[in-house]
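Visitor: Kindly return the folded structure for what I paste below:
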Amino acid sequence: MTVTPPTSVVGTAGHVDHGKSTLVKALTGIDPDRLREEKEREMTIDLGFAWLTLPSGRRVSMIDVPGHERFIRNMLAGVGGFDAALLVIAADEGPMPQTREHLAILDLLEIRQGIVAITKRDLVEPDWLELVMNETIELLQGTTLEGAPLIPVSAITGEGLAELIQTLDTLLATLPPHPADGKPRLAVDRVFTIAGFGTVVTGTLRDGPLSVGQEIEILPAGKRGRIRGLQRHREKVEHASPGARTAVNISGIAVEEISRGDVLTIPGWLTPTQRIDARIRLLADAPAILEQDDEVMLFIGTSETLAQLTLLDAEKLTPGDTGWVQLRLRKPVVAVRGDRFILRRPSPSATLGGGVVVDAHPPRHRRFHPATIATLELLARGEPVELVRHALAEEPRDVATLTRQLTLHEHHVADALEALQAQGEIIALVSPTPHTPTLYLQREALEAWRSRLVALLADYHQQYPLRRGMPKEAARSQLEIAPRAFDALVATFAGMGAIVDDGDVLRLPTHAIQLTPQQEAAAQRLLAALRETPYTPPSPSTLGVDPELVNALIELGYIVRVDEDIVFPTDVMQGIEQTVLTLIDANNGLTLAQFRDHFNTSRKYAQAVLEYLDRKRVTRRVGDVRVRYAQPQS
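Guide: Model prediction:
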């Protein structure tokens, strides 16, 4: 059996001219500076990429980021995919401004594995090197890279490179394997075309695998295509697992339709968002105080967008503070719970802080609302059982919806549902139709919905005692619930005996149409008037009969409505129907004139009755003649 070697992504960080690209080339043999301008200026401008195989066989994708402050946006497009960081500090200069900013970004993104390479070892004396290393150790204190190994190296002489490679191999061996049982996400950092192949995107693959031939979706635009080919480190593969940079050749989507910041995934599970709930932390030396409605630049994945802040639990955030916020985004991005991000001041540009997404599709929140903060704290803890319990606290949801909204793996959702059902906290609703996914709901929420619906029907019966029940759509509209959830609740409550599903209407089991003595007398007068001229009956409105009583008599089966204001006693209509069928059989059809003459009625009544019989599928019209509905066409 062929064992696929593990893969990891390692990225550089550090000040401009500290030798990041030179070190990457020395380690991999690949020059990460791919742009002509970079070679001319001898300065990294955009993301560069290389790869190597470590002594253990582990494959490493390397991302080289620009160190100049003017290109921090490009740096941020690459750093989100790091498994480990290679912080580069030149021995002849020591930590510099971008060293500190890049380290702060690594800390905010909680990149906890890393090595510090003290480059240009060959340019300094041992005493100076010791000073730089001590300054670096002090710099790392209190960050996620505190305690990271420091290795002096020289890309020119090769000193320290073997130790760096071995240390990197040892460090990466401690990382847990990349989850591969979820749905794939690839944040696009490059888009280009190859003659004869078409559109190619690259990025770091996470969460799930990709395969040649698979249908994919590019978000937020929602463009769909198919994978034509896959490459890892310029090697063609049929399948790509999470944990390394991947190039995807796409058919069906033009290169102009994709840009850096988009996300490649499989269709149907991710929805772009323009609102995010998050916990943020400002740097201790952040250059600004954040107040309500301030604008910031959000960097998440490989995307960036302007965002406006809603401070949920503070009047303002000062350097070093943490707080709950809702970010209102200028343009849609793709995010899931747990994604980390960076916030920068738009102008003058500077890193302010960062945070973690706790809800990628939240409603608008009121500020200083204790229940909202409690919910955010729950979401931040991220325990599957707690998340599922919370998600089912108001509306029914199925497994697929829970998986998508909570960004959990399906088996975690299934396990949580099983545990909550065993505890009696949630129940599975009755599916209204076969093959419909089962919806789940907290038991307390189910009782709340039952109480609301029963109260709604009771009010309706009191207001309209002569009606059979409340129209379903009217009930759903007043409850303000989605159709599928409403249907499942109705089926469940009907099964419990709490309500009666009576076709197009709902009613309480205790409800039945009952006429008062006065209404009974009015009904008898109406029936008598209808029978006096059975084929030209007077309209109830001309007789002053309450429309509600007319509807009740129809529901009770005493009369039949054939047109808006034309009704017949039920037995009279039954007789007309039988006579019409007899006349059709005797005459090979029946015209409107023949009906009118036979029943000695007017055209208005003849037309109304025949159209009623057509709707009832007793007859059907062929030209000017009515025939039996079931009679085959000639």
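
Visitor: So what sits opposite the closest residue to K20 other than its chain neighbours in the bridge?
Guide: Counting by C-beta to C-beta, 6 or more residues apart in numbering, K20 lies nearest to T12, which is 4.2 Å off, once chain neighbours are set aside. To be clear about C-beta, it is placed using only N, CA and C from the backbone, and glycine gets the same treatment. Here T12 sits in beta bridges with L86, going by DSSP bridges.

Visitor: let's number from 40 now, not from 1
Guide: Will do, 40 is the new start, and the previous item becomes T51.

Visitor: Contacts only, for T51.
Guide: Contacts for T51 (C-beta atoms under 8 Å, 6 or more residues apart in numbering) come out as K59, S60, L62, V63, M101, I102, D103, V104, A124, L125, L126, V127.

Visitor: Kindly report the same for D543.
Guide: P510, K511.

Visitor: per-residue confidence at it?
Guide: According to the per-residue confidence, D543 scores 92 in pLDDT.

Visitor: For L652, see how far away it is.
Guide: As for D543, its distance to L652 is 22 Å (criterion: C-beta to C-beta, to the nearest Å).

Visitor: what does A530 give?
Guide: 34 Å.

Visitor: quick one, which of the two is more surrounded?
Guide: Of the pair A530 and L652, L652 is the one with more neighbours under other C-beta atoms under 10 Å, namely 23 against 18.

Visitor: what kind of secondary structure is the closest residue in space to T243 that isn't next to it in sequence in?
Guide: The spatially closest residue to T243, leaving aside those adjacent along the chain, is G120, at 3.2 Å (C-beta to C-beta, 6+ apart). Under the three-state scheme (DSSP: H, G, I helix; E, B strand; the rest coil), G120 adopts coil.

Visitor: need the contact list for G120.
Guide: Residues near G120 by C-beta under 8 Å, 6+ apart: V48, G50, I102, A226, D228, G242, T243, R245, R284.

Visitor: which of the contacts of T51 tops the neighbour count?
Guide: Compared across the contacts of T51, D103 has the highest neighbour count, 31 neighbours, by other C-beta under 10 Å.

Visitor: and it, what is it in contact with?
Guide: D103 neighbours (C-beta under 8 Å, 6+ apart): G50, T51, K59, S60, V63, P71, D72, T83, L86, G87, F88, A89.

Visitor: before we move on, what about E603?
Guide: Taking C-beta under 8 Å, 6+ apart as the test, E603 contacts no residue whatsoever.

Visitor: Next: E616.
Guide: E616 sits in contact with L652, V657, where contact means C-beta under 8 Å, 6+ apart.

Visitor: How is the chain partitioned into domains?
Guide: With automatic domain parsing serving as the domain definition, the record reports that the chain contains domains spanning 46-212, 224-304, 312-414, 421-551, 556-667.

Visitor: who wins for proximity to P218 among those domains?
Guide: Evaluated over these, closeness to P218 peaks at domain 224-304, with 6.1 Å, by C-beta to C-beta.

Visitor: End to end on that closest one, go ahead and measure it.
Guide: Using C-alpha to C-alpha, to the nearest Å, the span of domain 224-304 from its first residue to its last is 5 Å.

Visitor: which helix of this structure spans the most residues?
Guide: What stands out as the longest helix in the chain, according to DSSP state H, is helix 482-502.

Visitor: So for that one, what gets flagged as buried?
Guide: Neighbour-count burial for helix 482-502, counted by 16 or more other C-beta atoms under 10 Å, picks out A484, L485, W488, R489, L492, L495, L496, Y499, H500.

Visitor: you'd agree the fourth one is up against G534?
Guide: No. Taking C-beta atoms under 8 Å as the contact criterion, R489 and G534 are not neighbours in contact, 11.7 Å apart.

Visitor: Without its sequence neighbours, what residue ends up closest to E108?
Guide: In this structure, E108 finds its nearest non-sequential neighbour in Q137, 5.8 Å apart by C-beta to C-beta, 6+ apart.

Visitor: Which of the contacts of T51 fall in strands?
Guide: Using DSSP state E to define strands, the subset of the contacts of T51 located there is M101, I102, D103, A124, L125, L126, V127.

Visitor: any residues touching stretch 208-218, and which ones?
Guide: Looking at stretch 208-218 with C-beta under 8 Å, 6+ apart, the contacting residues turn out to be 45-47, 49, 93-95, 97, 99, 122-123, 152-154, 188, 245-247, 280-282, 448.

Visitor: quick one, what contacts V529?
Guide: Residues touching V529, when contacts are defined by C-beta under 8 Å, 6+ apart, comprise P471, L492, K511, I538, D540, L545.
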